[in-house]
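# Sequence unavailable; structure follows:
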């Protein structure tokens with residue numbers, strides 16, 4: 001028998017966590033709408049493809065199907081970065097299969113990061129999307145009493161991010177109040193730091209931490225409404241989660257088309273994107289792109 005390099009529980013590059021099969025039925029789509037507020041008529045009625053098409057990020061949290069890929073010290077852990085590539089629309093009624101594998105692990109300042117890649121394939125075996133989730137964990141020696149992040153951190157000048165100042169065509173989406181009911185719909189039904197204030201305090205936060213993937217979905221909603229099938233077919237996002245969105249905050253996605261470049265017979269629009277609270281504090285900054293069809 002070959003000698004095992006890694007222990008059975010070790011989180012290492014190349015560790016495969018398998019996957020699941022999901023039915024993308026109307027109930028799953030309705031749950032997505034309730035959790036995000038993204039009620040695009042394409043999801044329920046006819047779309048440009050004829051039948052209803054599922055939200056681009058309908059499996060937004062498949063990466064969290066198991067938390068076995070988390071490092072042992074979960075106190076103060078945060079979703080730090082999210083990358084997404086879309087290759088084909090998913091129709092309501094399709095069956096999708098996921099596969100999850102660790103592709104990177106690195107340290108930066110006082111945190112260690114684990115990157116989990118999820119490949120989504122359809123019933124024909126074609127790849128529908130690929131995502132990379134960067135989760136950050138405090139180094140053991142950094143764990144101490146008090147809150148890891150509090151409500152005042154985003155007011156620090158170091159947490160201020162200059163975006164939207166490069167000109168370009170603006171894209172906006174409605175501001176949305178993220179109620180505790182939405183948090184439960186998105187991250188429940190279990191009590192955790194995304195749904196319960198007490199659990200948040202146990203992990204070093206003063207209030208419910210809205211799951212970072214919800215804001216990612218808001219950016220996806222904005223891109224879908226602006227570019228339609230051009231986002232479903234080849235859309236990309238690379239987003240950094242820079243400040244915490246708290247339960248009962250109000251937020252919205254914004255963007256500016258800063259460049260257009262040829263891609264085959266089409267044009268790809270490169271977009272600077274961000275999410276901001278009602279007071280202007282940024283919670284996500286990054287880039288996205290889509291084809292202009």
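In hand now; what should we look at? Here the structure is a predicted model, which means the values were calculated and not measured.
# Now the nearest residue to residue 176 once chain neighbours are set aside: phi and psi?
In space, and not counting its chain neighbours, residue 176 is closest to residue 37: 5.1 Å by CB to CB, 6 or more residues apart in numbering. Glycine gets a C-beta too; all of them are placed from N, C-alpha and C. Backbone geometry at residue 37, expressed as degrees, to the nearest 10, gives phi 80, psi 0.
# For residue 37, give me the pLDDT.
The model reports residue 37 with a pLDDT of 97.
# count of neighbours near it?
Per other CB atoms under 10 Å, the neighbour tally for residue 37 reads 18.
# ditto for the one 4 residues further on
For residue 41, the count of nearby residues is 9 (other CB under 10 Å).
# try residue 262
The burial count for residue 262: 8, using other CB under 10 Å.
# confidence score at it?
Predicted confidence (pLDDT) for residue 262: 98.
# Give me the local confidence score for the closest residue to it other than its chain neighbours.
Leaving aside its sequence neighbours, residue 262 sits nearest to residue 268 (CB to CB, 6+ apart; 7.7 Å). Per-residue confidence (pLDDT) for residue 268: 98.
# Pull out the buried residues from the longest helix seen in the chain.
In the chain, with assignment by DSSP state H, the single longest helix is helix 212-227. Residues 212-227 are the ones in helix 212-227 that count as buried (16 or more other CB atoms under 10 Å).
# show me what contacts the most centrally placed residue in the chain?
Relative to the mean C-alpha position of the chain, the nearest C-alpha, by CA atoms, centre = their mean, is the one of residue 213, at 3.2 Å. Residues in contact with residue 213 (CB atoms under 8 Å, 6 or more residues apart in numbering) are 57, 60, 61, 79, 82, 186.
# cutoff 6 Å now
Taking CB atoms under 6 Å, 6 or more residues apart in numbering, we find residue 213 in contact with 60, 61.
# circling back to that earlier point, show me what the helix or strand following the longest helix of the chain is packed up against.
Per DSSP states H and E, helix 212-227 leads on to helix 229-232 as the next helix or strand towards the C-terminus. Packing partners of helix 229-232 (3 or more CB pairs under 6 Å, 6 or more residues apart in numbering; DSSP states H and E): strand 282-292.
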